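Student: Only the shape, not the letters, is given here:
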């Protein structure tokens, strides 16, 4: 990773939802970049802003939400503030996305062949007939047996794993530079999870796209990601290469997350006390301070910045800094 | 084992066939549509049955009676028999019924086509863009309150008022019935769209970069067809009834053009002398409305997701 070849740069991203309770800052000051062919994992609890970050990258934040600040650059092109018409050309073409629920992500009234072909016909302006060979090719690529028969089947005739493969085929139809996988395996059973992840890995090697993997499965992260972003309450808590994160987690939240994994031989599963605070009840200082075992008065008053504490390993925590000792 | 995959239509047909009454209704409808089309051809283009020939010597002949001997040769009806009798001017009721069947069916279909189109458009806009605000009011509120306002009018009197102002032609009647019967469809479509809008496949379609009009009309509308189709089929029956009622009151299609409604209206003056004059169009209206309703009910049953996979 000596040569920086980033395809996606997110800087200073703020997303807010304007509701009756006032402005809810769901994502604040998120910044990261993804290099070509790299897999970056975004982990965190439910409701910490992972999916909103992903939707912001797609330009799919809907009313009453909006991106209040920041920039998202895809291969140097600014996406924030781009008109919908331009975004539509980028979505599905440059950025592909797969979703958590393959069961409901396919339109039940069309055959899968029709749905994959639609992406191709729309983005490349070809006829469905011309798209047919490419659809078969894609189905084969994502490991669907006897694609000729499957192409005319409806989503309800396919299993969950199959549907997720179809979703992947659709997302990759235009050979995107980056694929956002929003919890791609959460709804699938364990054996299928592994198959899908291996498929993504294999397709990444073939096509060279970058993957932003959103998940709360740390096992998947350890296997497939090169870098990890840990999000907590709308902010990035820790950013590090996968090895050093698992070997030496610096943020108390990451440590607690890793401790919460069930270990063989241990009877008890440790948990993190409390829940993620709602956006309108975030504490003034470090947002994890209300649940952190090592928090001090300083933590609950001052917001820590994301700083590099070890090579390539950034943490937003007062622990291990001068301020903590005072 | 390779199971032959079943398209949604095949599945629908399999379930629909089980309902004997609906199947009967469908057969009746088919026959009526064929009769209406043949009737249009045979009464207006290639005149085999002439609904406007006046035979004053043969007035008030009951059904299945033979023409009288004094009748001119060119006035003798086809097959030499009055299948459904004659009216007060000696016109062949069968020929008039044939002519009227096309009017009734075409008014039903065109009016419902128009109301369904408006319904899908308004319902789709209200359902999909409901949250967007125009000034102080949201799109959803605007459209749905307008729908409520339209629903508040007693439709039939609204139609009567408009018909009284406009020349009573068949096209005006189609348009007026269409413009006053879209509210149900709008509500159906909006309700469907409110649930569909949150479905993952709509988000997925957006993530694939498909434009919104394409998502609305090519992805969401097909998912909302079931209730719309059912309400449209039943709506055809209502439109036919409305047209008959208008013609009966004399505001509908004007004589000499025959419709079931105005045959009925003419017949009411001779209830005791020539009962067939109102019984025949009355029963015809009954049958067609019943057939449409049975088919509509059968479709509702077959398209009900709770009954799928049986």
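Tutor: Perfect, thanks for sending it. In this text, all values refer to a predicted model and were calculated from it rather than measured experimentally.
Student: low-scoring stretches of chain B, by residue?
Tutor: B:1-7, B:73-74, B:305-310 (pLDDT under 70).
Student: Tell me which residue in it sits closest to chain A.
Tutor: As assessed by Cβ to the nearest Cβ, chain A sits closest to residue B:209 within chain B, at 3.3 Å. Quick note: C-beta positions are derived from backbone N, CA and C, even for glycine.
Student: In this structure that residue contacts residue A:92, no?
Tutor: Yes: look at residue B:209 against residue A:92 with Cβ atoms under 8 Å: they come within range, at 3.3 Å.
Student: Could you tell me which residues touch both of these two?
Tutor: The contact sets of residue B:209 and residue A:92 overlap at A:119, A:122-123 (Cβ atoms under 8 Å, 6 or more residues apart in numbering or on different chains).
Student: quick one: which of these is most hemmed in?
Tutor: residue A:119 (26 neighbours; other Cβ atoms under 10 Å in any protein chain shown).
Student: ok, that residue touching residue A:172?
Tutor: No: using Cβ under 8 Å, residue A:119 makes no contact with residue A:172, being 9.5 Å away.
Student: hey, what's in contact with both of the two?
Tutor: With contacts taken as Cβ under 8 Å, 6+ apart, residue A:119 and residue A:172 have no neighbour in common.
Student: which element follows the longest helix belonging to chain B toward the C-terminus?
Tutor: When chain B is parsed with DSSP state H, its longest helix is helix B:93-128. Later in the chain than helix B:93-128, the nearest helix or strand by DSSP states H and E is strand B:133-134.
Student: And residue 68, its phi and psi?
Tutor: In the absence of a named chain, this looks at chain A. Phi and psi for residue A:68, reported as degrees, to the nearest 10, are phi -90, psi -30.
Student: State whether it and residue A:14 are indeed in contact, as I suppose.
Tutor: Yes: at 4.6 Å, residue A:68 and residue A:14 qualify as touching, with contact defined as Cβ under 8 Å.
Student: what bridges to residue A:239?
Tutor: Counting by DSSP bridges, residue A:239 forms beta bridges with residue A:229, residue A:314.
Student: residues in contact with it?
Tutor: So residue A:239 contacts A:32, A:227-230, A:306, A:313-315 (Cβ under 8 Å, 6+ apart).
Student: Read off the pLDDT value for it.
Tutor: With respect to pLDDT, residue A:239 has a value of 89.
Student: any idea how far it is from residue A:310?
Tutor: Residue A:239 sits 11 Å away from residue A:310, taking Cβ to Cβ, to the nearest Å as the criterion.
Student: In chain A, which residue is most central in space?
Tutor: residue A:214 (2.9 Å; Cα atoms, centre = their mean).
Student: Just the pLDDT for it.
Tutor: With respect to pLDDT, residue A:214 has a value of 90.
Student: next SSE after the helix or strand containing it?
Tutor: In this assignment (DSSP H and E), residue A:214 forms part of strand A:210-215. Counting by DSSP H and E, the next helix or strand C-terminal to strand A:210-215 is helix A:218-224.
Student: what's that following helix in contact with?
Tutor: Here helix A:218-224 has contacts from A:39, A:41, A:43, A:185, A:193, A:197, A:200-201, A:213, A:215, A:228, A:242, A:246, A:257-258, A:261, using Cβ under 8 Å, 6+ apart.
Student: I'd like the shared contacts of residue B:209 and residue A:92 laid out as CSV, including pLDDT, distance to residue B:88 and secondary structure.
Tutor: Output for these, formatted as CSV (pLDDT from 0 to 100; distance: Cβ to Cβ, whole Å; DSSP: H, G, I helix; E, B strand; the rest coil):
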residue, pLDDT, distance to residue B:88, secondary structure
A:119, 88, 67, helix
A:122, 87, 64, helix
A:123, 87, 69, helix
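Student: Which residue comes closest to residue B:21 once chain neighbours are left out?
Tutor: Of all residues not flanking residue B:21 in the chain, residue B:294 sits nearest, at 5.1 Å (Cβ to Cβ, 6 or more residues apart in numbering or on different chains).
Student: The one you found against residue B:27, yeah?
Tutor: No: counting by Cβ under 8 Å, residue B:294 does not reach residue B:27; the two are 10.4 Å apart.
Student: Of those two, which one has the most company?
Tutor: More crowded of residue B:294 and residue B:27, by other Cβ under 10 Å: residue B:294, with 23 against 12.
Student: could you measure the more buried one against residue B:301, distance?
Tutor: Residue B:294 is 11 Å from residue B:301, by Cβ to Cβ.
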